[in-house]
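Engineer: make a model of this:
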Amino acid sequence: MGRPLRVLMVEDSEDDALLLLRELKRGGYDLTVERVDNPESMKNALQRENWELILADYALPQFSAPQALAVMQQMGLDLPFIIVSGQIGEDAAIAAMKAGAHDYVMKDYLARLIPAIDRELREFAGRRSRLLAEKAMQANERQLRAVFDCALDAMAIFNDLGQFTNVNPAACTLLGLAKEDLIGQPIYKYMESTCDFKTAFTKFRTVGRDTGELKIIRSDGTIREVEYSASANFISGLHLAVVHDVTDRNKDREQLLYNAFYDPLTGLPNEAWFLNGLGRSLRQSKRRPHYGFAVLFIDLDRFSIIKYSFGHLVGDLLLNATARRLGTCIRPKDTLARVGTDEFAILVDEIDDPATALAIADRIHKELTLPFQINGHDMFSTASIGIAINFPQTPEYSQTQLPLNNGNGTESSSSSLERPEDFLRAADTAMYHAKTMGGGRTAVFERQMHSGALAMLQLETDLRLALKRQELLLYYQPIIDLKTGQIAGFEALVRWQHPRRGFVLPGEFIPVAEGTGSIVPMGAWVLEEACRQLQQWYERWESLGLILPNRERGEGVGGSVPFLTMSVNVAGVQFGNPGLVDYIDQILQQTGLTGSCLKLEITETAIMAAAESAASLLHQLKKRQIQLSIDDFGTGYSSLSRLQRLPIDTLKIDRSFVSRMSSEAESLEIVRTCIDLAHNLDMDVVAEGVETLEQLAQLRALQCESGQGYLFSRPVDATTATALLMSMPQW
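Structural biologist: Okay, the predicted model is just below:
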């Protein structure tokens, strides 16, 4: 049975209310709850029920926390009032506290909710006990004694000399001493030395009352912050003080202010603090003609792969390690902040040369080339960096190649940057440009990037709707067995038929899908559609009597029909998704295919970014007889020692080597080496980009098992691929 608690919620979101209810129940409370979202319903609720706690969202469409606080106060009620909302500014948070709110808890940090409620309920009980104490003093001494001894707040009686004559148990607990050790001792002995007790005591006896805050020293030397209320001569010659410990409350307020301006994970300033500092720099640049600064926006490449592969805890450790490295790359006067999940910003202040910002970016790239040691794992993380520069256009720098803001809110080669947010957004835009160039690079903001960013934003929006609108379709490119010349399988390739732009090239929308996370549902659709198409081909063959049902062994009638596989690309973000294996199981079950019919193509970059977790996932797939292929082999940074421990079936040689094989001896040797390596590791090889008969002859001479390219067929739609397959071509 939980602790009973009657809670009135000022909240218009049912989902948020349910979230709070679950948190309160986890905290051990047995709840009676009512939810209101306007002043009238709140008044009615307060009149009907004796509530013990009010939880209020800061801003509702018809209501707000300050208004709810005013309704409660107008009704003469004093209930624990806690604001539970998203981020609000420091001024709004402080104003709410001054108006009478007791605490503020962020919705994305509900771990503070139960401790805050427990504390405020205790403080509410304390406030009630203080009120009872005042009434008891007006009644009779016996009632006063009972309240005095049982009060949660410290209470002390002292004489005209300022010496304790009586203390309650709470006072003994507060000071850390027994009652007999305190009686006869002067009060000032336990006050911080900065307190002018003599002057304050004289004034107190003259005025008759005193309230305030001070710091007291416990017997163990620790300091506690307290609020006190004292009454003179409540009995002739004796005075009463009620002392309330507010140390924890003050720490919570300090934490509230800290959370408003600092990132709790890394301890770095957050975006709000960064924009404040950037605003000061921008104002300085308008007052001082030779004042320059720059903003660097840093985004970690492939962070999502590491996070999904190793979990959020390892991701957080990597972010902390990255923050420390970034801190070694800047000057003491610069500001480093965390402004997003895996995004950081640097304010490079008071620069004498625009190249200073580029030098810092170069140092960052060099620092990130070193591996991170996280929980015994070697991890590599590059960064894409965008820079927005504000520097005076003086003759000395008039020939600079960098796009600069002239310090007056306009730019010589970029759009107007007048606010701190504009500079941060410009640096972010440049960072995105660096990422589209392959990552691990730096780009300086230029005017055309702005229009490019708008076009990219529209592309992202359209891409999110493409699946729903059924604008995506699959093309299939045959993979040829170079020994028999027959089709051994197909690679499924996604295409986008945009309603206005026509066909959008994969090189344009796939990076956008990976960057926005759309690649996950897109990849799931591709996998399902490709398996469905392969099942249709098998069923058609069987209906024509061309293939036996026992197709997992690849047996065709008279050997005339080869065993057929479907190759599907798996993006790094998909590969790091822990639900990938279950989803593949579901698709194979729905389509009736065996795992041996499916070949998954994964880039070596995705595998090596999280090699340990990759090995576990690959072994799970291998247990299902799913074939595994490393795509674009030779373009990444594979470790051969790790590669040989992975259950890989196929190495796919990148087209960049195959296309130059006939004209460059070096490329021919690379292809030969890749084939020999694959055979030594008991793998087969697929060569991409086969376009000429000479390349085909060379690959056959090198004993390459399979190839694909325009020599055989371009990627074609399902209808054309079906016709091609039924014709049983042989090269």
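Engineer: where exactly do the strands run in the stretch 251-400 of the chain?
Structural biologist: 293-300, 335-338, 343-348, 372-374, 377-379, 383-390 (DSSP state E, counting those that start in this stretch).
Engineer: relative to V686, which of the ones you listed is closest?
Structural biologist: Each of those has some distance to V686 by Cβ to Cβ; the shortest is strand 377-379, at 29.2 Å. (C-beta placed from N, C-alpha, C; glycine too.)
Engineer: now for the closest one, which elements pack on it?
Structural biologist: Where contact means 3 or more Cβ pairs under 8 Å, 6 or more residues apart in numbering; DSSP states H and E, strand 377-379 is packed against strand 372-374.
Engineer: the strand it packs on pairs with which strands?
Structural biologist: Strand 372-374 has the following strand partners under DSSP bridges: strand 377-379 (antiparallel).
Engineer: circling back: out of the strands of the stretch 251-400 of the chain, the one nearest R130 is which?
Structural biologist: Nearest of the strands of the stretch 251-400 of the chain (Cβ to Cβ): strand 335-338, 43.1 Å.
Engineer: who does the closest one touch, helix- and strand-wise?
Structural biologist: Partner elements for strand 335-338 (3+ Cβ pairs under 8 Å, 6+ apart): helix 271-287, helix 312-328, strand 343-348.
Engineer: tell me the gap between it and the middle of its chain.
Structural biologist: The chain centroid and the centroid of strand 335-338 are separated by 16 Å, computed with Cα atoms, centre = their mean, to the nearest Å.
Engineer: check which residues of it are buried.
Structural biologist: T335, L336, A337, R338 (16 or more other Cβ atoms under 10 Å).
Engineer: again with stretch 84-99
Structural biologist: Those would be V84, S85, I88, A92, A93, A96, for stretch 84-99 by 16+ other Cβ under 10 Å.
Engineer: can you show me the CA trace of it as CSV?
Structural biologist: Below are the C-alpha coordinates for stretch 84-99, written out as CSV (Å, rounded to 0.1, in the frame of the first residue of the first chain):
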residue,chain,number,x,y,z
VAL,A,84,6.6,20.7,-14.1
SER,A,85,7.4,21.9,-17.5
GLY,A,86,9.9,22.1,-20.3
GLN,A,87,12.8,24.6,-20.5
ILE,A,88,11.9,28.1,-19.6
GLY,A,89,14.2,31.1,-19.2
GLU,A,90,16.1,31.9,-16.1
ASP,A,91,14.0,35.1,-15.5
ALA,A,92,10.7,33.2,-15.8
ALA,A,93,11.9,30.5,-13.4
ILE,A,94,13.1,33.1,-10.8
ALA,A,95,9.9,35.1,-11.1
ALA,A,96,7.8,32.0,-10.5
MET,A,97,9.8,31.2,-7.4
LYS,A,98,9.4,34.8,-6.1
ALA,A,99,5.7,34.6,-6.7
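Engineer: could you number the chain from 33 rather than 1 from now on?
Structural biologist: Right, with 33 as the first residue, what we last looked at is stretch 116-131.
Engineer: what mean pLDDT does that stretch have?
Structural biologist: The average pLDDT within stretch 116-131 is 80.
Engineer: rank the strands of the stretch 283-432 of the chain by mean pLDDT and give me the bottom one.
Structural biologist: strand 409-411 (a mean of 77).
Engineer: least confident secondary structure element in the chain?
Structural biologist: The helix or strand of the chain with the poorest confidence is strand 436-437; it has a mean of 50 (mean pLDDT, DSSP states H and E).
Engineer: pLDDT averaged over the lengthiest helix in the chain - what is it?
Structural biologist: In the chain, assigned by DSSP state H, the helix with the most residues is helix 145-171. Averaged across helix 145-171, pLDDT comes to 79.
Engineer: kindly report the same for stretch 77-84.
Structural biologist: 91.
Engineer: what are the contacting residues of that stretch?
Structural biologist: Stretch 77-84 is contacted by residues 37-40, 64, 66, 68, 103-104, 107, 109, 111-112, 153, 156 when judged by Cβ atoms under 8 Å, 6 or more residues apart in numbering.
Engineer: and it, what's buried?
Structural biologist: A77, L78, W83, E84.
Engineer: secondary structure and distance to R177 added to those, as JSON lines?
Structural biologist: Below are the buried residues of stretch 77-84 laid out as JSON lines (DSSP: H, G, I helix; E, B strand; the rest coil; distance: Cβ to Cβ, whole Å):
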{"residue": "A77", "secondary structure": "helix", "distance to R177": "39"}
{"residue": "L78", "secondary structure": "helix", "distance to R177": "35"}
{"residue": "W83", "secondary structure": "coil", "distance to R177": "32"}
{"residue": "E84", "secondary structure": "coil", "distance to R177": "28"}
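Engineer: from the contacts of stretch 77-84, which land in strands?
Structural biologist: L37, R38, V39, L40, T64, E66, V68 (DSSP state E).
Engineer: now for those residues, which pair is the farthest apart?
Structural biologist: L37 and V68 (17.0 Å).
Engineer: now the strands: where do they sit in the stretch 133-282 of the chain?
Structural biologist: So, for the stretch 133-282 of the chain - with DSSP E, counting those that start in this stretch - the strands run 135-138, 186-191, 196-199, 241-249, 255-267, 270-277.
Engineer: nearest to L525, of the ones you listed?
Structural biologist: Between L525 and the strands of the stretch 133-282 of the chain, the tightest spacing by Cβ to Cβ is seen for strand 135-138, at 45.2 Å.
Engineer: mind checking the SS state of L525?
Structural biologist: strand (DSSP: H, G, I helix; E, B strand; the rest coil).
Engineer: pretty sure it is in contact with L505, am I right?
Structural biologist: No: the pair L525 / L505 is not scored as a contact, 9.9 Å apart, by Cβ atoms under 8 Å.
Engineer: higher neighbour count, these two?
Structural biologist: Neighbours were counted for L525 and for L505 using other Cβ atoms under 10 Å; L525 has more, 18 against 14.
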